[in-house]
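Visitor: fold the stuff below for me.
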Amino acid sequence: MTQPVQKRALLGTLLLIGISVLLVASQPSAKPPSPVFFHTENSDEWVSHSIDIQREYSRVLLVDGSATPPQHLSIPSLNLNSRSNVNGPSRDYPVSRSFKTLQEAADAAREGDLVAVMPGHYAGFVLEEKPSAADQRYIHFKAMGEPGDVVIDQPSRIPDWMILLRATHHVIVQGFNLAGANAAGVTPSGPRAGIMLDGDFSQTGKQTHHIVLVGNFSHNHRKWGFHSRDTHTVLIQDNLFARSSVEHSAYASDGSDNYVIRRNVFYGSNSGGLQCNLDSVSSFHDLIKNPELKDYPKEQPTREWAVGLMKLAAAKFGENNFPDGRGINFIIEDNVMNENGKAGGGSLNLAGLQDSLIQNNLIYNNLNHGIAQWNDQNPYDEAYVDPGPTSPEQVKGPDDLPLWGCHGNLVRNNTVLMNNPGRAAMQSRNGSWGTKMRNNIFINDQPNSIEIYNTSIYRLDSAFNVVNTVAYLSSAGGENVKEMPGSLKSLAIQLPEGPDTITGITREKAAKEFVRYGNEPWVIIEGKWWRLNPNRPDFHPRADSKLFANWGDSKELPDKDLEGGKRAHISVGAFAPVASDGQ
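Guide: Residues are numbered from 1 along each chain as shown. Below you'll find the predicted structure:
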């Protein structure tokens, strides 16, 4: 008599489980967890904590246009924290499958695969989400042969991009020559960029994340060597982005967070070198299109509208899980920006970059701003920018200032050398407050070396820099600029003048303090690849330099310089001084 009772009890349990499943399925999807970013001033530590790549590959997929593709390959391991050579000891792998095109291989790739591309010319590829990719299971696209042997010179199936990583994650792209066809004097054409990372949030509700771009040469594209939007946790190192026809060598945009951008060269482009413009307008245009936000009011050019949209998006998607027009936790270090800026902009142009570290960068012989911090002149901040505060009583805290400027950045040991009228070696405007500047060389032979605006003087902390001229400015509507009221200087922690700053230094005065001053280009592009110019200037300070050696803020000194050499003594600028005789 117990068996029917047990059956009824089992059926009742199954019915309850079924009802529970249906109830859960009918509920709105749970808010996804917010990404956790590792905070450090050491980029090697950031890589170790944030980019967890596998030591061995699950499969090797081969892309080879020849009639006799190899059956086995010797593949080096990848050590991203090696400055001398990221390619470590090799291991032999059998080739699991062979393809003629990159797109076929990308479609077939899954977690833990290496896509090895043999020398030749190829069209690019689009990679969309591979759900199984994860830490220790990256999909790695690697160019084989000598540098430049693998050339991508045709667009992907989406003509705007040569490589498009769309709403995907845990991907490495290494060693490709992404060759655009644009040149001076020719009408710009072809793909917009060599590499595009795009969460396409309005359509997917996702971000592209955990991406590594290492050792690529992306050049002569219509707009950008590299572009991104709706992204987080990206490592960009040891690349050359060059000769973009219309805009920037590289461009990170639309609320992207948690980047390390190190040891790259940004060269010879029409506008910016590296542009990190997190672009609130573009971010919110993208965000408001997401179906989850369809009931939010149509766009209004006010702070209230923008803040309300961000609050609703954070409740639905989680903090830092959507494009918010701000970028946090960047490390931008050991880069060179050279011969950019015919169309203006900034060699290192920052908008909405916050709580980030900018150090050991060399910026010379460009035609635009050196380092520029601002808010991309967005409409949501406009009422707080023009005319901005005229007395310290009007600034009780951050809420009285623009929201999408550059806040809380540490700018240290950079070398910026220029001769550009109407530009600045270091500029903070449009609500770029709380900047800490230490141990920098900011020299513009024209006015000015440092420009601080009334919306950016709040909690400015500047000392131990070498500069020419300093200006304190106010906006009085549009581009009508006048001198900042002197009383606003009380809002600063420390001003960029006085006994802890050396002023009145021109390039001529500085030249004799370097090992070899000059304006020769940093790189030479020849054939299918590039090399460092043997005649490039040497901006190491001389051991006995009165301007650059043996002084500065020891508490804000990076452990290493631009070249990775240990800083044995305190100094200013991107390079440590050369050793004196007997050391």
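
Visitor: okay, strands next: where are they in the stretch 1-150 of the chain?
Guide: 59-63, 72-78, 87-94, 97-99, 113-117, 120-123, 125-127, 139-143, 150-154 (DSSP state E, counting those that start in this stretch).

Visitor: residue 580: which of those strands is closest?
Guide: Among these, strand 87-94 comes nearest to residue 580, with 35.8 Å by C-beta to C-beta. Any C-beta I mention is one placed from the backbone N, CA and C, and that applies to glycine too.

Visitor: against which helices or strands is the closest one packed?
Guide: strand 72-78 (3 or more C-beta pairs under 8 Å, 6 or more residues apart in numbering; DSSP states H and E).

Visitor: helices or strands next to the strand it packs on in the packing?
Guide: Contacts defined by 3+ C-beta pairs under 8 Å, 6+ apart place strand 72-78 against strand 59-63, strand 87-94, strand 113-117.

Visitor: highest average neighbour count across these?
Guide: Comparing these by mean neighbour count (mean count of other C-beta atoms under 10 Å), strand 113-117 comes out on top with a mean of 25.

Visitor: ok and it relative to strand 87-94, angle-wise?
Guide: Counting by axes from the mean of the first three to the mean of the last three C-alpha atoms, to 10 degrees, strand 113-117 lies at 90 degrees to strand 87-94.

Visitor: other SSEs contacting strand 113-117?
Guide: By 3+ C-beta pairs under 8 Å, 6+ apart, strand 113-117 packs against strand 59-63, strand 72-78, helix 102-108, strand 139-143.

Visitor: CA-only coordinates of the second one, as CSV, when you get a sec.
Guide: Same thing as strand 72-78. Taking C-alpha atoms only, strand 72-78 is exported to CSV below (Å, rounded to 0.1, in the frame of the first residue of the first chain):
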residue,chain,number,x,y,z
HIS,A,72,52.6,20.1,-37.2
LEU,A,73,53.7,23.5,-35.8
SER,A,74,56.2,24.7,-33.2
ILE,A,75,54.3,27.3,-31.1
PRO,A,76,56.0,29.5,-28.5
SER,A,77,54.3,30.2,-25.2
LEU,A,78,53.2,33.7,-24.5
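
Visitor: figure out how far that strand is from the centre of its chain.
Guide: 29 Å (C-alpha atoms, centre = their mean, to the nearest Å).

Visitor: note down every partner strand of that strand and its orientation.
Guide: Using DSSP bridges, the strands paired with strand 72-78 are strand 87-94 (antiparallel).

Visitor: returning to that earlier point: mean pLDDT and distance to residue 264 for the strands of the stretch 1-150 of the chain - can I get that in a markdown table?
Guide: Formatted as a markdown table, those follow (pLDDT from 0 to 100; distance: least, C-beta to C-beta, whole Å):
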| stretch | mean pLDDT | distance to residue 264 |
| --- | --- | --- |
| strand 59-63 | 98 | 26 |
| strand 72-78 | 98 | 17 |
| strand 87-94 | 96 | 18 |
| strand 97-99 | 98 | 30 |
| strand 113-117 | 98 | 22 |
| strand 120-123 | 98 | 23 |
| strand 125-127 | 98 | 22 |
| strand 139-143 | 98 | 17 |
| strand 150-154 | 98 | 18 |
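
Visitor: columns distance to residue 420 on top of those strands, output as JSON lines?
Guide: JSON lines is the format used below for the strands of the stretch 1-150 of the chain (distance: least, C-beta to C-beta, whole Å):
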{"stretch": "strand 59-63", "distance to residue 420": "45"}
{"stretch": "strand 72-78", "distance to residue 420": "40"}
{"stretch": "strand 87-94", "distance to residue 420": "39"}
{"stretch": "strand 97-99", "distance to residue 420": "49"}
{"stretch": "strand 113-117", "distance to residue 420": "41"}
{"stretch": "strand 120-123", "distance to residue 420": "39"}
{"stretch": "strand 125-127", "distance to residue 420": "40"}
{"stretch": "strand 139-143", "distance to residue 420": "37"}
{"stretch": "strand 150-154", "distance to residue 420": "34"}
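
Visitor: and the strands in the stretch 201-350 of the chain?
Guide: In the stretch 201-350 of the chain, the strands defined using DSSP E, counting those that start in this stretch lie at 208-214, 217-219, 224-229, 231-237, 240-242, 250-253, 257-262, 265-267, 274-277, 327-328, 331-333, 336-338, 346-351.

Visitor: nearest to residue 37, of the ones you listed?
Guide: Using C-beta to C-beta, the strands of the stretch 201-350 of the chain put strand 257-262 closest to residue 37, at 4.4 Å.

Visitor: and the closest one, which strands flank it?
Guide: Going by DSSP bridges, the partners of strand 257-262 are strand 231-237 (parallel), strand 331-333 (parallel).

Visitor: now render those as a markdown table, adding mean neighbour count and distance to residue 374.
Guide: Below are the strands paired with strand 257-262 laid out as a markdown table (neighbours: other C-beta atoms under 10 Å; distance: least, C-beta to C-beta, whole Å):
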| stretch | mean neighbour count | distance to residue 374 |
| --- | --- | --- |
| strand 231-237 | 25 | 21 |
| strand 331-333 | 25 | 16 |
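
Visitor: show me how far stretch 49-62 is from its chain's centre.
Guide: 23 Å.

Visitor: span of that stretch from start to end?
Guide: 30 Å (C-alpha to C-alpha, to the nearest Å).
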